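# With the input below, show me the fold.
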Amino acid sequence: MKDKYLIVLTTIFAILSCIAIGFGDTTLVPSTVPTLVAWIRYVIALLAIFCIMKKVPDFSQIMRYRIIVVLIVSILTIFHVYKGGVDFLTIVGTIPLMVFSLVSDKIYLESFRLFRKVMILISVIAIIIYIDFTFFHILPSKTVPFYGSEGYYVNYYLSYISLGNDGIRSCGFFNEPGYFGTILALLLLTDKINLRDKGNLFMIIAGITTWSMAFWALLFIGVFLYTLKNWKSRLLALGMIFTFFVVVNSVKFSDPAINSLVERFQYDYSKGSFKGDNRTTDDFNMFFQKFQDSGDVLLGNGTGYYASQKFEHVASYKTSILDWGYVGFFFTYVLLILLAFKAALNNRTAIVFVFCFAISIYQRPNIFAMVYILTLFGGIIAIKDRKISKYHNNEK
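Below you'll find the predicted structure:
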């Protein structure tokens, strides 16, 4: 019974770590709601502590990996601070994630499965809402400004739609369509995008309604790597890539939303990057170059340094380098991926999944949240468990 409580608590904590109404800058709810969500997270962590204390966890390899990385991130967050000493609230803020890194692999597996079911349900809701907004306008909703930039949310309360120059895009219960698309893609990759599973089909359709470059890029890379079993499949995959980039760089579509998505995959030779690579701004790039030329590149300037610069429209791994330097970046992001690869060893599907997770960091670097930790380590455990179950079924 205690395991069931802990599974539910872990899943709820993962959801609360990513829902739009939990972010302080949200425009979807009054400012008191994110504070309430934060308090609920602390209460859930406290309840989880009681559950964990009653049963000493088995410190598996994957659990040790989680603890190592979360501990390092916590130390950097608490003690390596820009213009300030140790803050009590900062210490308290690191506790919940550390608590849930102590949860056993069995709980992570079941929590991952439950979280996947929640995401399937949200996908169904997002699809219904997308259809309603596009054709019917029957369901209750209201329009509010999009957080931090131009555009609007259509608030359907259980799920949201973003409206802007890039069209009508589903957000699920996330604050951005790209966030929703990224998590959906990662969940699909843990199951090798199995189209025979109805849940996967719902997540694919919901992913399409996000019009997210990340969603398509991650699935494309995953499919490409899954097919590389022999020279014939490798040649076929390379041919598909060549055809894809020929099409996106030469064909114009009449639908603005489709054309906007396709344009993100087009290569801009003047910038030396894809047009969809909008994770930084020119001002930020100039600032980061000055940082590169300074003497702070190894250890950075401390947690909070990037935030103090008040840049807008930036979501890049480089922000962590500004705070923690290249040394800190290695012992957080790089170490996390190295340990995840080690945990995935001897399982090709898990290795491909970890590789795609690593790629996703480029456009969504804020991975030290429970939704990402559960998706990464829960995904690896689920992939390995599926292989073991398949082996035992074949034995029978």
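# Show me what the longest helix along the chain is packed up against.
Secondary structure of the chain per DSSP state H: the longest helix is helix 105-131. Counting contacts by 3 or more CB pairs under 8 Å, 6 or more residues apart in numbering; DSSP states H and E, helix 105-131 is packed against helix 2-16, helix 61-79, strand 167-172, helix 177-190, helix 198-210, helix 379-395. Any C-beta I mention is one placed from the backbone N, CA and C, and that applies to glycine too.
# just the ones you listed: most buried one?
helix 177-190 (a mean of 27; mean count of other CB atoms under 10 Å).
# so it versus helix 105-131, what angle?
130 degrees (axes from the mean of the first three to the mean of the last three CA atoms, to 10 degrees).
# Check which helices and strands helix 177-190 sits against.
helix 105-131, strand 167-172, helix 198-210, helix 213-226, helix 348-360, helix 379-395.
# pretty sure I107 is touching T10, no?
Yes - counting by CB atoms under 8 Å, I107 does reach T10; the two are 6.0 Å apart.
# Need the pLDDT of K387.
We note a pLDDT of 71 for K387 in this prediction.
# residues touching it, list them.
Contacts for K387 (CB atoms under 8 Å, 6 or more residues apart in numbering) come out as N347, T349.
# got it, and L236?
So L236 contacts T227 (CB under 8 Å, 6+ apart).
# isn't there a helix covering it?
Yes - per DSSP: H, G, I helix; E, B strand; the rest coil, L236 lies within a helix segment.
# Could you measure from it over to V223?
Distance, L236 to V223, using CB to CB, to the nearest Å: 11 Å.
# what comes up buried for the longest helix of the chain?
105-112, 114-116, 119-120, 122-127, 129-130 (16 or more other CB atoms under 10 Å).
# Report the mean per-residue pLDDT for it.
Here the average pLDDT along helix 105-131 is 97.
# Each with direction, which strands does the following helix or strand past it pair with?
Downstream of helix 105-131, the first helix or strand assigned by DSSP states H and E is strand 142-145. According to DSSP bridges, strand 142-145 forms sheet pairs with strand 152-155 (antiparallel).
# Who does V81 form a beta bridge with?
Here V81, judged by DSSP bridges, has bridge partners T303.
# Please tell me I have it right and it contacts I91.
No - assessed by CB under 8 Å, V81 is found out of contact with I91, at 11.2 Å.
# The two - which one has more neighbours?
V81 (18 against 13; other CB atoms under 10 Å).
# For the more buried one, give me the pLDDT.
The predicted local confidence for V81 is 93.
# give me the low-pLDDT residue ranges for the stretch 251-396 of the chain?
251-278, 388-396 (pLDDT under 70).
# Which parts of it are strands?
267-268, 273-274 (DSSP state E, counting those that start in this stretch).
# picking that back up, now distance to Y147 too, for the helices and strands packed on helix 105-131, in JSON lines please.
Formatted as JSON lines, the helices and strands packed on helix 105-131 follow (distance: least, CB to CB, whole Å):
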{"stretch": "helix 2-16", "distance to Y147": "18"}
{"stretch": "helix 61-79", "distance to Y147": "23"}
{"stretch": "strand 167-172", "distance to Y147": "11"}
{"stretch": "helix 177-190", "distance to Y147": "12"}
{"stretch": "helix 198-210", "distance to Y147": "17"}
{"stretch": "helix 379-395", "distance to Y147": "28"}
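# can you tell me which of those the model trusts least?
Of all the helices and strands packed on helix 105-131, helix 379-395 has the smallest average pLDDT, which comes to a mean of 74.
# and the residue lying closest to H80 once chain neighbours are set aside, how far is that from G328?
Once flanking residues are discounted, H80 sits nearest to G302: 5.1 Å by CB to CB, 6 or more residues apart in numbering. G302 sits 10 Å away from G328 when distances are taken as CB to CB.
# got it, and L298?
9 Å.
# what do you get for V92?
22 Å.
# Minimum distance to T35: which of the helices and strands packed on helix 177-190 has it?
For those, proximity to T35 was assessed by CB to CB; strand 167-172 is nearest, at 21.6 Å.
# Alpha carbons of the closest one, as CSV, please.
What follows is strand 167-172, C-alpha atoms only, in CSV (Å, rounded to 0.1, in the frame of the first residue of the first chain):
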residue,chain,number,x,y,z
GLY,A,167,-0.4,29.5,-36.0
ILE,A,168,-2.7,27.5,-33.7
ARG,A,169,-0.6,25.2,-31.4
SER,A,170,-1.5,22.8,-28.6
CYS,A,171,0.2,23.3,-25.2
GLY,A,172,-1.5,20.5,-23.2
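# Just want the angle from that strand to helix 177-190.
Using the same axes, to 10 degrees: strand 167-172 against helix 177-190 is 60 degrees.
# Does anything pack onto strand 167-172? Which helices or strands?
Against strand 167-172 (3+ CB pairs under 8 Å, 6+ apart) you get helix 105-131, strand 160-164, helix 177-190, helix 198-210, helix 256-263.
# Show me which residues of stretch 143-161 are buried.
Applying 16+ other CB under 10 Å to stretch 143-161 flags F146, Y147, Y153, V154, N155, Y156, S159, Y160, I161 as buried.
# Let me see the contact set for A20.
Contacts of A20 (CB under 8 Å, 6+ apart): T26, L28, Y160, C171, F173, F174, N175.
# change it to 6 Å
By CB atoms under 6 Å, 6 or more residues apart in numbering, the contact list for A20 reads T26, L28, F174, N175.
# Let's have these in TSV, adding secondary structure, pLDDT and neighbour count.
Listed next are the contacts of A20 as TSV, based on DSSP: H, G, I helix; E, B strand; the rest coil; pLDDT from 0 to 100; neighbours: other CB atoms under 10 Å:
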residue	secondary structure	pLDDT	neighbour count
T26	coil	96	20
L28	coil	97	22
F174	coil	98	24
N175	coil	96	25
